[in-house]
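Undergrad: Test case, fold it:
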Amino acid sequence: MKQGIKSFITVSLFGLFLAANGYGQQLKGRWDYGLNGPVKKCTVLTSYGKELYSFTRDGKLEQLISFYDENNYQQISYTYKDSLLVERRIELYEAGQLDQEASVINIYQNDSTAILKREVIVDYKGRTLEELNFSYDSLHQLIEIKKLTKNGQLTTQFSRLKDSLGHYKTTVLIDSVVKRQIDSIPALSMELDSLINVRNVYFLDGIEDRAETVKYDHRANVVYLKNELYLLDSNQWYVEKEEEFEFNEKDQMIKKITKEGTTTFTQNFVYQTDGTQYQNWVKQIVMPNMTYTTRIIEYFEEN
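TA: Numbering: from 1, shown residues only. You can find the predicted model right below:
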């Protein structure tokens with residue numbers, strides 16, 4: 001099941017930043033890939049390649065392999081202890097051989113309350129590439145990340161404000177320079193048309209540079225996405241692209257409308273399911289392109 005709407009607001013603020021910067025424990029599960037029931041493996045076949053997802057019995061992502069061809073692929077493996085992520089390996093294989101220079105290991109350390117405190121990134125020769133230390137306030141909200149590399153240390157700080165209407169504003173500073181501002185307007189209810197609005201503004205040399213606005217529905221589906229550029233000459237925001245998404249009751253995207261300038265393009269999505277009680281889709285057809293994505297799903301045996 002997807003997380004509740006209130007916790008989703010907090011997680012999204014933390015998660016958006018970590019995902020954008022390539023570190024942190026952004027745990028994935030089968031629910032993130034639109035998979036229901038005790039899925040063990042899911043192979044995704046597209047016109048441009050193949051991906052293989054493997055999951056633990058309780059649904060956490062255990063391995064992801066992206067095949068470029070039979071002998072060239074990237075393999076990401078996750079190791080858990082007491083339901084917490086303790087290690088992630090990103091391995092690149094060329095001609096069937098592990099490329100040690102391009103492969104890394106992320107090691108995660110948590111405190112007694114299961115909060116991530118330290119992340120170390122090492123290569124396959126045992127050399128430390130980066131070390132990150134995470135600090136939190138009394139409410140377990142992230143307030144600082146100290147990142148140590150061979151080139152020195154960077155300090156990322158998070159300043160949070162919440163107004164009387166429940167709007168969140170988070171400012172991200174790196175070495176005291178503003179790099180990002182995240183504004184989150186929470187849903188006022190759990191009604192179907194109630195949305196969470198999150199606007200991310202990115203700064204370059206202390207000046208607004210680009211922005212992304214995301215709207216989530218009550219089930220945490222992204223229903224709207226807008227990308228903008230800030231034009232210094234006119235001191236205005238220019239909309240590069242807007243996307244609207246429509247979902248069915250199974251949280252499957254059935255329509256996508258893309259607007260770029262004066263051009264609007266609509267895609268519709270049709271699904272064929274596997275016929276099991278879990279009703280997972282095994283073929284996605286995109287129209288009018290008529291492109292296909294096929295999934296081969298393997299389930300855990302019932303105990």
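Undergrad: I'd like the secondary structure assignment at residue 31, please.
TA: helix (DSSP: H, G, I helix; E, B strand; the rest coil).
Undergrad: can you pull up the bridge partners for residue 91?
TA: residue 75 (DSSP bridges).
Undergrad: tally of neighbours for it?
TA: Per other C-beta atoms under 10 Å, the neighbour tally for residue 91 reads 18. Using the backbone N, CA and C atoms, a C-beta is placed for each residue, glycine as well.
Undergrad: Next: residue 281.
TA: Residue 281, neighbours per other C-beta under 10 Å, totals 20.
Undergrad: is it true that it touches residue 35?
TA: No - applying C-beta atoms under 8 Å, one finds residue 281 not in contact with residue 35, separated by 9.3 Å.
Undergrad: how about stretch 223-242 as PDB, C-alpha atoms only?
TA: Coordinates of each C-alpha in stretch 223-242 appear next as PDB, following Å, rounded to 0.1, in the frame of the first residue of the first chain:
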ATOM      1  CA  VAL A 223      -0.900  13.900 -12.000                       C
ATOM      2  CA  TYR A 224       0.800  17.100 -13.200                       C
ATOM      3  CA  LEU A 225       4.400  18.100 -14.000                       C
ATOM      4  CA  LYS A 226       5.700  21.500 -15.200                       C
ATOM      5  CA  ASN A 227       9.300  22.500 -16.000                       C
ATOM      6  CA  GLU A 228      10.300  26.100 -16.200                       C
ATOM      7  CA  LEU A 229      13.300  28.200 -17.000                       C
ATOM      8  CA  TYR A 230      14.000  31.700 -15.500                       C
ATOM      9  CA  LEU A 231      14.800  34.300 -18.100                       C
ATOM     10  CA  LEU A 232      17.000  37.000 -16.700                       C
ATOM     11  CA  ASP A 233      16.400  39.400 -19.500                       C
ATOM     12  CA  SER A 234      12.700  39.700 -18.800                       C
ATOM     13  CA  ASN A 235      12.800  38.500 -15.200                       C
ATOM     14  CA  GLN A 236      10.100  36.000 -16.000                       C
ATOM     15  CA  TRP A 237       9.500  32.300 -15.800                       C
ATOM     16  CA  TYR A 238       9.200  30.500 -19.200                       C
ATOM     17  CA  VAL A 239       7.300  27.200 -19.300                       C
ATOM     18  CA  GLU A 240       9.400  24.600 -21.200                       C
ATOM     19  CA  LYS A 241       7.000  21.700 -20.800                       C
ATOM     20  CA  GLU A 242       3.800  20.700 -19.100                       C
END
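Undergrad: who's in contact with that stretch?
TA: Applying C-beta atoms under 8 Å, 6 or more residues apart in numbering, the contact partners of stretch 223-242 are 195, 207-217, 243-247, 258-260.
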